[in-house]
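> return a 3D structure for these sequence lines:
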Amino acid sequence: FHQQQAPPPPRQRWTELTAVGHILADEVFNYSRDNASVLSEGEKRQLRSWSESVHNRIYHTSTLVLENTVLATDLKRGQKAVESMRDEMTVLRARTKRFRDEADQLEGNVEQTMKETSALQGASSFLTSLQSLATQAME
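Numbers count the residues shown, from 1 in each chain. As a prediction, the model looks like this:
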């Protein structure tokens with residue numbers, strides 16, 4: 001049974017990829033240095049130029065990869081923040097709906113209480129008038 005290993009992290013993969021270029025450039029540099037006596041000036045210049053070009057290209061590409069990594073990290077952070085805000089907005093919408101429903105219910109309760117109060121005032125007024133008539137009739 002063969003278990004598949006997880007791939008190395010991006011930074012390690014990039015280091016492994018650039019290591020090959022560094023080694024190759026270093027080998028070319030060492031070759032031109034060790035064989036300086038048998039190489040023409042043009043060959044030495046060409047090998048040195050090629051070695052420097054490889055080092056410069058690796059540096060430039062590494063810089064771009066690093067910038068892209070930072071941008072990708074920022075993008076992921078931004079996406080997580082947006083998701084978090086969406087979740088919070090959903091919660092706040094639910095709370096707002098609950099508060100509106102509660103306010104509507106309270107408004108209905110106030111209307112009902114006002115109707116009951118009005119009916120009680122009418123009954124009280126009727127009883128007061130009736131008591132006043134009864135008092136007058138007894139006098």
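
> the longest helix along the chain - what's its average pLDDT?
Counting residues, the longest helix in the chain under DSSP state H turns out to be helix 41-138. The average pLDDT for helix 41-138 rounds to 92.

> what do you get for stretch 22-33?
87.

> return it as CSV; C-alpha atoms alone will do.
What follows is stretch 22-33, C-alpha atoms only, in CSV (Å, rounded to 0.1, in the frame of the first residue of the first chain):
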residue,chain,number,x,y,z
HIS,A,22,21.4,28.5,-9.4
ILE,A,23,23.3,25.2,-9.6
LEU,A,24,23.5,25.4,-13.4
ALA,A,25,24.6,29.0,-13.3
ASP,A,26,27.2,28.2,-10.7
GLU,A,27,28.5,25.2,-12.6
VAL,A,28,28.9,27.4,-15.8
PHE,A,29,30.7,30.0,-13.8
ASN,A,30,33.0,27.3,-12.2
TYR,A,31,33.6,25.7,-15.6
SER,A,32,34.6,29.0,-17.1
ARG,A,33,36.9,29.7,-14.1
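
> give me the contact list for that stretch.
Outside of stretch 22-33, the residues within contact range by C-beta atoms under 8 Å, 6 or more residues apart in numbering are 39, 43, 44, 47, 48, 50, 51, 54, 55, 58. Bear in mind the C-beta positions are built from the backbone N, C-alpha and C, glycine included.

> and if we set it to 6 Å?
44, 47, 51, 54, 55 (C-beta atoms under 6 Å, 6 or more residues apart in numbering).

> buried among those residues? Need that as a selection in PyMOL.
Only the buried members of the contacts of stretch 22-33 enter the following PyMOL selection, criterion being 16 or more other C-beta atoms under 10 Å:
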select buried, resi 47+51+54
